[in-house]
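Asks: Give me the fold of what follows.
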Amino acid sequence: MEKPRPCDPARFPPESAGRIMTCQVPVVTREATIAEVERLLLTRARDFDSLNYIYVVDAGGCLAGVSIKEVFQRGKRLPVAEVMVTDPVRVPPGADQERVVHLALEHDLKAVPVVDGQGLFLGAVLSRTLLTTLFREASEDLLRLGGVRRSAAMFDHVLRLPVVTSLGHRLPWLLLGLVGGMLAAGIIGHFEGTLAKNLILAAFIPLMVYMADAVGTQMEAFIIRDLAVDPELDFLKYFRRQFLIVALIALITSGVLGALSYLLYRAPRISLVLALSLFLGIISSVITGLVIPYLMRRLRQDPANASGPVATILQDLLTVAIFFLIASWLLG
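Replies: The predicted structure is shown next:
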């Protein structure tokens, strides 16, 4: 009843669907009756890692459909092919494990079948593996945002790791942030004259930096997720949509800031500087939040490495430079 099929997860890349799948799942042919499926599960239940789905293959071993345990409410002589789901969600063995997780969540699946380029059924990624992968990927992304390198996020245990090693995992990113902060201070110092004449501008530097960073971080989260779910993402179409959304966010928030600052200070030129700076600062976050992660993906690097401290430093420098260039231009 069960078709032999190749089963060697180790031959697939790390963090791929093929590497995390199991081959120990029930597999029957299209011609098998429901009675035969029941007999298979009763006699070999302990051999399988999961009984959530029964995978139906054709004579060549290609996935034809997926059946569930509710089929046992039907007539025993009925072929399983007549009650199976004929177009199940499936993934290739090279698919990123994060994409598999998102597909399972999107379609409310307990397992996701893995098939090769010819449709040959190889195995399935089970629910417990999906949950473990989801937890690991989420933890890894959160740690990256705090400047903890990928190796530390995945393998290191803080209580077991030597202090010097922990420093090596965290300190380089923070030193990079220190250098970026010094550059930002240098930019501000270059416009000391403008700042001395308009001290109120200093109070708005944190606001400018925060808003641009926040919008950039939102875009990073979206594109990292969407690239994982859809590796063939149409970037130009995606860029246009994101740019439109960011432009609207920039327009609304800069308008609110300009109006509020005018009500507070009754200084039209200061309000114009603040509104225009915030607008352009948020627009510039498209570079750090969208373009850089996409370019890293094109270079076959993990786009999540563009998040966290690196993107923050670059965005801070852009925001400060825009703010003081506009202030110098409009206020002298």
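
Asks: quick one: the strands in this protein?
Replies: Counting by DSSP state E, residue ranges of the strands within the chain are 27-29, 53-57, 63-68, 111-115, 121-126.

Asks: For the spatially closest residue to His107 that is not a sequence neighbour, give me its contacts.
Replies: In this structure, His107 finds its nearest non-sequential neighbour in Val89, 5.1 Å apart by Cβ to Cβ, 6 or more residues apart in numbering. For glycine as for every other residue, the C-beta is placed from the backbone atoms N, C-alpha and C. By Cβ atoms under 8 Å, 6 or more residues apart in numbering, the contact set of Val89 is 103, 107, 109, 112-113.

Asks: try 10 Å
Replies: Residues near Val89 by Cβ atoms under 10 Å, 6 or more residues apart in numbering: 66, 100, 103-104, 106-107, 109, 112-113.

Asks: ok, now Thr253?
Replies: 211, 215, 275, 278-279, 282.

Asks: Ile54 too?
Replies: By Cβ under 10 Å, 6+ apart, the contact set of Ile54 is 25-28, 32, 34, 37, 40-41, 48, 65-69, 71-72, 80, 84.

Asks: Likewise for Val125?
Replies: Contacts for Val125 (Cβ under 10 Å, 6+ apart) come out as 17-22, 91, 95, 97, 100-101, 103-104, 109, 111-114, 133.

Asks: for it, which residues make a bridge with it?
Replies: Val112 (DSSP bridges).

Asks: how near is the closest residue to Ile326 other than its chain neighbours to Thr165?
Replies: Nearest residue to Ile326 in three dimensions, chain neighbours excluded: Ser277, at 4.9 Å (Cβ to Cβ, 6+ apart). Distance of Ser277 to Thr165, given as Cβ to Cβ, to the nearest Å: 42 Å.

Asks: Between these two, tell me which one has more neighbours.
Replies: Each of Ser277 and Thr165 has its neighbours counted (other Cβ atoms under 10 Å); Ser277 has more, 27 against 13.

Asks: For the residue nearest to His107, grab phi and psi.
Replies: Per-residue torsions, Val89: phi -60, psi 140 (degrees, to the nearest 10).
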